[in-house]
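*Asks:* Take this sequence and fold it.
(one chain, ligands or ions: 1)
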Amino acid sequence: MVYSSVLVTAVALALAAGPQPVIGTITSSLQYVLKNTHGSKEYEYPTDITRDILPIPVHSHNDYWREKPFWTGLSKGCASTEADVWLYNGTLHVGHDQSALTEDRTLESLYINPVLEVLDRQNPESPFLTEPTKNGVWDTAPDLTLYFFIDVKTSGPETFKAVIQALEPLREKGYLSTFKDGVVKYGPVTIIGTGETPLDMVAPVSDRDYFFDAPLANLNDPEFAHIDGTISPIASTNFAAAVGKITVDTDPILTDEQLNSLREQISTAESRGIGARYWNTPHWPTRTRNLVWRTLLREGVFLLNADDLDAVAAYF
Ligand SMILES: *[C@@H]1O[C@H](CO)[C@@H](O)[C@H](O)[C@H]1NC(C)=O
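*Replies:* Numbering: from 1, shown residues only. Next up is the predicted model:
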């Protein structure tokens, strides 16, 4: 405190004494250095693909709908992404509905390969390593896992079986979070099956590298009462249905009754080691959207679900 006020005073005096410097201008000799270091080897940073990106607790909702699936969400720092998958003739195609599917847009081409590319860059071979690394996608937070929701659209059992097979390249490199001997070990990518993913292809499996998106508002129903964070690290639900419709645009944005529902759902999840995510939150008007985001973060959701990534990145 004392130190900083002394510093501020010193800067103020210096500014008052000399010719006024223009903040932000740099000398031509410094500009020369800045320009010409580019390209020389000592200024190449090995794991730079996500340099300067600070991850945010945001799920890139319907990520595959974006112009550059996976990459856009990565560039905004989204801690979680999502692909809808459809199984036809042995191939997992990615898209929102059947008319959006093509031969080229597959789970492998749009997600598995790009994720592998980033992780391979984040885990280079190096004579300096004392042991192999398992860095995550974020250079600023290499221990943080990337959540990847795979939303099964075609018949659950066949499609999820194909998903498990499709994960092989990530599995082979040890990049997946695992559940084994009763313990979850987080790796660079955490796969969460949603949509038509059958719970009985996840919950009873004692050695696996995939998880289940449980219904957040129904965790106390008998069929979901056994679910904890080792099966569902994150559970999700429809905000409008489970909490209610928003009718005001002032803080508090939720009625007491809505707030109680929200708190009860989040604390039930938390008591079982499960993080909460709400989809179908209002996206308009902007002030309503932001007040709901504010409230959800204050109440302890694990991930915000966002469609407009520019807006959510600016919000954080
Ligand atoms: C699947 O294969 C059958 C038989 O080869 C073909 O007629 C059909 O068009 C294929 N469907 C898709 C979606 O590729």
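
*Asks:* What ranges does the stretch 151-300 of the chain have for its helices?
*Replies:* For the stretch 151-300 of the chain, applying DSSP state H, counting those that start in this stretch gives helices covering 156-166, 168-172, 239-242, 256-271, 286-299.

*Asks:* if we look at the third one, which residues are touching it?
*Replies:* For helix 239-242, the external contacting residues (CB atoms under 8 Å, 6 or more residues apart in numbering) are 216-217, 261, 265, 278-282, 292. Every C-beta, even on glycine, is put in place using the N, C-alpha and C of the backbone.

*Asks:* got it, and the second one?
*Replies:* Around helix 168-172, the neighbours that count as contacts under CB under 8 Å, 6+ apart are 112-113, 115-116, 119, 176, 189, 209.

*Asks:* returning to that earlier point: mind putting the contacts of helix 239-242 into TSV with pLDDT and distance to Gly90?
*Replies:* Formatted as TSV, those follow (pLDDT from 0 to 100; distance: CB to CB, whole Å):
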residue	pLDDT	distance to Gly90
Leu216	98	33
Ala217	98	36
Ser261	98	43
Gln265	98	39
Tyr278	98	35
Trp279	98	30
Asn280	97	33
Thr281	97	37
Pro282	95	40
Val292	98	42
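
*Asks:* Of all the helices of the stretch 151-300 of the chain, which one is nearest Thr130?
*Replies:* Evaluated with CB to CB, the helices of the stretch 151-300 of the chain place helix 168-172 nearest to Thr130, the distance being 22.7 Å.

*Asks:* Buried residues in that closest one, which are they?
*Replies:* Neighbour counts over helix 168-172 (16 or more other CB atoms under 10 Å) mark 170-171 as buried.

*Asks:* do stretch 115-123 as well
*Replies:* 115-116, 118-119, 121-123.

*Asks:* can you check stretch 52-64 too?
*Replies:* Buried, per 16+ other CB under 10 Å, within stretch 52-64: 53, 55-64.

*Asks:* nearest to Lys161, of those?
*Replies:* Among the buried residues of stretch 52-64, Tyr64 lies closest to Lys161 (CB to CB), at 20.6 Å.

*Asks:* doesn't Val94 make contact with the closest one?
*Replies:* Yes: Tyr64 sits in contact with Val94 when judged by CB atoms under 8 Å, with a separation of 4.9 Å.

*Asks:* Which SSE is immediately downstream of the strand ranked longest in the chain?
*Replies:* Secondary structure assigned by DSSP state E gives strand 78-88 as the longest strand of the chain. Next in sequence after strand 78-88, counting helices and strands by DSSP states H and E, comes strand 91-94.

*Asks:* who's in contact with that next one?
*Replies:* For strand 91-94, contacts defined as CB under 8 Å, 6+ apart pick out 64, 69, 83-87, 101-103, 105-108, 110-111, 159, 162-163, 166.

*Asks:* Equivalent analysis for stretch 276-293, please.
*Replies:* Residues outside stretch 276-293 that contact it (CB under 8 Å, 6+ apart): 59, 61, 80, 216, 234-243, 246, 249-251, 253, 265-266, 269-270, 296, 300-305, 307-308, 311-312, 315.

*Asks:* Same question for stretch 307-315.
*Replies:* By CB under 8 Å, 6+ apart, the surrounding residues in contact with stretch 307-315 are 56, 58, 60-62, 66, 72-73, 76-78, 283, 286, 289-290, 293, 304, 306.

*Asks:* redo that, cut-off 7 Å
*Replies:* 56, 58, 60-62, 72-73, 76-78, 283, 290, 293, 304, 306 (CB atoms under 7 Å, 6 or more residues apart in numbering).

*Asks:* Looking at the residues you listed, which are in strands?
*Replies:* 56, 58, 60, 78, 304, 306.

*Asks:* got a markdown table for those residues, with distance to Val137 too?
*Replies:* Shown next, in a markdown table, are the ones in strands among the contacts of stretch 307-315 (distance: CB to CB, whole Å):
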| residue | distance to Val137 |
| --- | --- |
| Ile56 | 13 |
| Val58 | 14 |
| Ser60 | 13 |
| Cys78 | 10 |
| Leu304 | 19 |
| Ala306 | 18 |
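
*Asks:* Go through these and say which is closest to Gly193.
*Replies:* Gly193 lies nearest to Ser60 out of the ones in strands among the contacts of stretch 307-315, by CB to CB, at 17.3 Å.

*Asks:* For the residue lying closest to that closest one once chain neighbours are set aside, report the pLDDT, please.
*Replies:* Once flanking residues are discounted, Ser60 sits nearest to Gly73: 3.4 Å by CB to CB, 6 or more residues apart in numbering. Reported pLDDT at Gly73 in the predicted model: 98.
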